[in-house]
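# give the three-dimensional model of this entry:
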Amino acid sequence: QVQLVESGGGLVQAGGSLRLSCAASGRTFSSYTMGWFRQAPGKEREFVVAISWNGGIIYYADSVKGRFTISRDNAKNTVYLQMNSLKPEDTAVYYCAAAGKITTRARMYDYWGQGTQVTVSS
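A predicted model of the protein is given here:
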């Protein structure tokens, strides 16, 4: 069982930056792929980025490539999402999730956090 808690969301102007954190409970955190997804009002949840258990494989959605960076610290059971050059279309609730293997498919993730709101004003 893994419990995930996101933090770091907020309101930022376009072009600004935010850093999201996702703290995980459980001693098996280091064995999980970690992913970030987001859901805007009236839209389906979409994949943002995923990182393999050791950070050796990372997948980014095209919409965030070059602007967002994922990292993880297995000693701290935490995964981070650094978001730069934010745009109004990045506004959404951001969720972290854990999966047994690296994938972009939301249904393959077994554990989910409660989400954190990111709002980018124009």
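
# going forward, measure contacts between C-alpha atoms and count neighbours the same way
Will do.

# so the residue nearest to the spatial centre of the chain bridges to which residues?
Centroid-nearest residue in the chain: Trp36, 2.5 Å away (criterion: C-alpha atoms, centre = their mean). Taking DSSP bridges as the rule, Trp36 bridges to Val49, Cys96.

# wait, isn't it in contact with Ala92?
No - at 11.7 Å, Trp36 does not count as touching Ala92 under the criterion of C-alpha atoms under 8 Å.

# show the pLDDT at the nearest residue to Asn74 once chain neighbours are set aside.
Once flanking residues are discounted, Asn74 sits nearest to Ser30: 5.3 Å by C-alpha to C-alpha, 6 or more residues apart in numbering. Per-residue pLDDT puts Ser30 at 89.

# I'd like to know how many residues surround Ser30.
For Ser30, the neighbour count with other C-alpha atoms under 10 Å is 20.

# wait, is it part of a helix?
Yes - checked against DSSP: H, G, I helix; E, B strand; the rest coil, Ser30 lies within a helix.

# quick one: residues contacting it.
The contact partners of Ser30, taken as C-alpha atoms under 8 Å, 6 or more residues apart in numbering, are 53-54, 74, 77.
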